[in-house]
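[1] Sequence and predicted model, in that order:
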Amino acid sequence: MRRHLSSAALVLLAAGCNSPAADGDQSPAASAAPAVPAALATFERYDAAAVPGGPGPGKRYALGTAASTSVIARWNTDVGAQGTELPPGKGSVGEGSALYTSLCASCHGVGGVGGIAPNPPLVGRDSSAEGFRFARDPQLTKTIGNYWPYATTLFDYIKRAMPLATPGSLTDSQVYALTAYLLAANQVIADTTTLDADALRAVRMPYRDRFVRDDRTGGPGVR
Amino acid sequence: MRVESNAPQGDGHHEGHNGDREDGLHGAPNDRSASEHAVAPDGLTDARGTSVSRRVLLTGAAGVAAGALVSVLPGAAVGQGGTSAGASTPPPAPSRVPADPGSMLGAPTSAQGMRAAAVNPARVPVGAVSGSSRSPLGELTGTITPSDLHFERHHAGVPALDAATHRLVIHGLVDRPMEFSVDDIRRLPQVSRTYFIECSGNGRAPFKSPKPETTAQAAAGMTSNTEWTGVPLATLFREVGVKREASWFLAEGADACHMTRSVPVEKGWEDAMVVWAQNGEPLRPAQGYPLRLLLPGWEGNINLKWLRRLELGTQPWMTRWETSVYTDPLLGDTARQFSFVIDAKSVITSPSFPDVIGTRGWRPVTGLAWSGRGRIARVEVSTDGGASWHDAELSGTPQPKAHVRFQYMWNWRGEEALLLSRATDETGQVQPTRTALIDVRGPGTDYHFNAIVGWRVQPDGAVFYHGTT
């Protein structure tokens, strides 16, 4: 019930917010939003008229400054599931293997099969752990190959977070190489592969379709 | 009175058998006992069992710096015997309890308060960098968790951020890409609300492998409840003009793993906040100083700390933290993804292991209940292992997505007893047994462990954890 109410209000509000109107224009959101029971305690109607002394309905406080393109460019390195943001560069499985040995194996173990706790194994396609049977058998170990739904996630995460003590120190080509090595070690791509943006976008992980949206809704019963 | 336990002295003794998972949430059955045995020579105890006394860290302005340093450095710095700041500052004379305290002048006023020497609730850090530390639920009362005892979970250490230069950038599908200083955000209308945050891995080890020697801290200490102050995210959304087509946003932290999670925009309009204060003071470094995204009722990880960037888009980014972890395997060989909401849950915090009930007669069976879907409507307590249930009193008016304390008065006559609690939230969700959860989700279920748990009381008064409901 809550979700329904909030969706309805959201549409109205987003319409108001989307308006390029300058400060002072009346937003339809404040007057048109349906009454939300206080118990739901949402901020959908908590606009610039909600606090005494403020600029009034539909107006902005106009605090903050225009974001510089440089700060956006520096931080906006995320690579989503479609891989549209993947940067130029390329790296081979062989290059990645050498990089892995020098930069990663000390924590993740030789060959990625398990390193210093709590670092989980990165590599493994043990046939007994295939089939995404993790709920049935608590002993099964998740690896990149038998669990991760998107190869692009590897690139994104290595680039932003690895190596642990010096994140951000890898070139994009090095990240491609490490991604290639880990995918090959997990038998997702061939050992002879060189990954670039197009090649990585084309990689399909074995269990991508096993992820489902949350169906828990509250109310009686266990899901 | 507490059972003596043989927990070793010193630091890091949990790491070997608890740090074996990415989440670092296994084990630590005896969190509390470690602190109890770490008594410093001056009679004060330190959270980590080192020689650095809490008093040193709380002395005046230097104490602020030292305290921040301790939080900022990886656990190794503390584990190796204290910080240089702590070691170089001579501790003031220790306070000892004289025979007749009223016969002499007391201590002067102080810049920052400290706990009584005999009172030492403590988190016990597990893991040096990608670590966690649980709230000592068995030693806390009421509903508010002291800020320094709010549980921690971080994946690349606690970053040292400067509030004067920190920026929150909001861009993507917005009319006006903008950056906000912390000062800008503090100038917007402020809202203070009390919410719990619970790690969705809370209670993993005792769920997977229940052991009698499990404290309330180890069983459920990855939930905490505090008052948060900040600005509604809706206000920031209006400032930047979120476009109609935006349906998800990415939140990013300034820590070393640059934590990222995808959030439905709808949650941003509903009750999300960008907070900068907790319990009346600026956020502690371990809680996200200077800015944290607060998504009430949602799993801890997505309440993203050290917030530096929000990007509006049309689909989830599928970051590591919403794919390879924080996804929940289900029977049918699938995994539940974006399982944000914390289910209805409760835990009795007193009595609990390692209590020994020394006296028969009346005592409250008390604990905490919470739900990510709203208010707790009811908590029932059983003293006979679930054969019969009795409504407990809820203290005060339950608030949505916040801990509520419950109590049930119990007259113990020395019999063997099994104390259980069962919460029901305002949606009608009833906390299930462990068996019911496993039946539905499978023995390999992961995250969102909200099973009924409790405590077995032996005729000799010893209290032990009971997780096999």
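    Structure received.
[2] Please name the residues that touch residue B:335.
    A:132, A:134, A:135, A:147, A:210, A:211, A:212, B:327, B:328, B:329 (CB atoms under 8 Å, 6 or more residues apart in numbering or on different chains). All C-beta spots, glycine's among them, are computed from the backbone N, C-alpha and C.
[3] and the residue lying closest to residue A:178 once chain neighbours are set aside, what are its phi and psi?
    Closest residue to residue A:178 in three dimensions, ignoring its sequence neighbours and counting by CB to CB, 6 or more residues apart in numbering or on different chains: residue A:96, at 4.7 Å. Backbone torsions of residue A:96, given as degrees, to the nearest 10, read phi -70, psi -40.
[4] For residue A:96, grab the count of nearby residues.
    If you count neighbours by other CB atoms under 10 Å in any protein chain shown, residue A:96 ends up with 26.
[5] element containing residue 160, please.
    Because you didn't say which chain, this covers chain A. If you go by DSSP states H and E, residue A:160 is part of helix A:151-161.
[6] Wait, chain B was what I had in mind.
    Judged by DSSP H and E, residue B:160 forms part of no helix or strand.
[7] Wait, residue B:315 touches residue B:246, no?
    No - with contact defined as CB atoms under 8 Å, residue B:315 does not count as touching residue B:246 (10.5 Å).
[8] Walk me through the domains of chain B.
    Here the domain parsing of chain B from automatic domain parsing is B:1-85+B:114-124, B:167-331, B:345-466.
[9] any low-confidence regions in chain B?
    Applying pLDDT under 70 to chain B picks out residues B:1-95.
[10] Distance check, the spatially most central residue of it against chain A.
    Taking CA atoms, centre = their mean, the centroid of chain B lies closest to residue B:151, which sits 3.1 Å from it. Distance of residue B:151 to chain A, computed by CB to the nearest CB, to the nearest Å: 17 Å.
[11] Tell me which residues are up against the very next helix or strand once past the helix holding residue A:160.
    Sequence order places helix A:172-185 as the next helix or strand after helix A:151-161, per DSSP H and E. Applying CB under 8 Å, 6+ apart, the contact partners of helix A:172-185 are A:87-93, A:95-97, A:99-100, A:103-104, A:111-112, A:122-123, A:144-145, A:151, A:154-155, A:158-159, A:162, A:170, A:189-191, A:193-196, A:200, A:203.
[12] how near is the residue of chain A most remote from its centre to residue B:364?
    Distance from the centre of chain A peaks at residue A:53, with 39.5 Å (CA atoms, centre = their mean). According to CB to CB, to the nearest Å, residue A:53 stands 46 Å off from residue B:364.
[13] Run through chain A and note the low-pLDDT ranges.
    In chain A (pLDDT under 70), the answer is A:1-41.
[14] For the residue most central in space within it, which non-adjacent residue is closest in space?
    Geometric centre of chain A, nearest residue: residue A:80, 6.5 Å, by CA atoms, centre = their mean. Nearest non-adjacent residue to residue A:80, counting by CB to CB, 6+ apart: residue B:317, 4.6 Å away.
[15] So residue B:315 and residue B:246 - more neighbours on which side?
    residue B:246 (20 against 11).
[16] where along chain A do the strands fall?
    According to DSSP state E, chain A carries its strands in the segments A:65-66, A:91-92, A:194-195, A:211-213.
[17] Point out the one among the ones you listed that comes closest to chain B.
    strand A:211-213 (4.4 Å; CB to the nearest CB).
[18] And the contacts of the closest one?
    By CB under 8 Å, 6+ apart, strand A:211-213 touches A:149, B:323, B:327, B:330, B:334, B:335, B:336, B:337, B:338.
[19] partners of it in the sheet?
    Partners of strand A:211-213 in the sheet, by DSSP bridges, are strand B:334-337 (parallel).
[20] The partner strand: what's the following helix or strand?
    Downstream of strand B:334-337 (by DSSP H and E), the next one is strand B:345-350.
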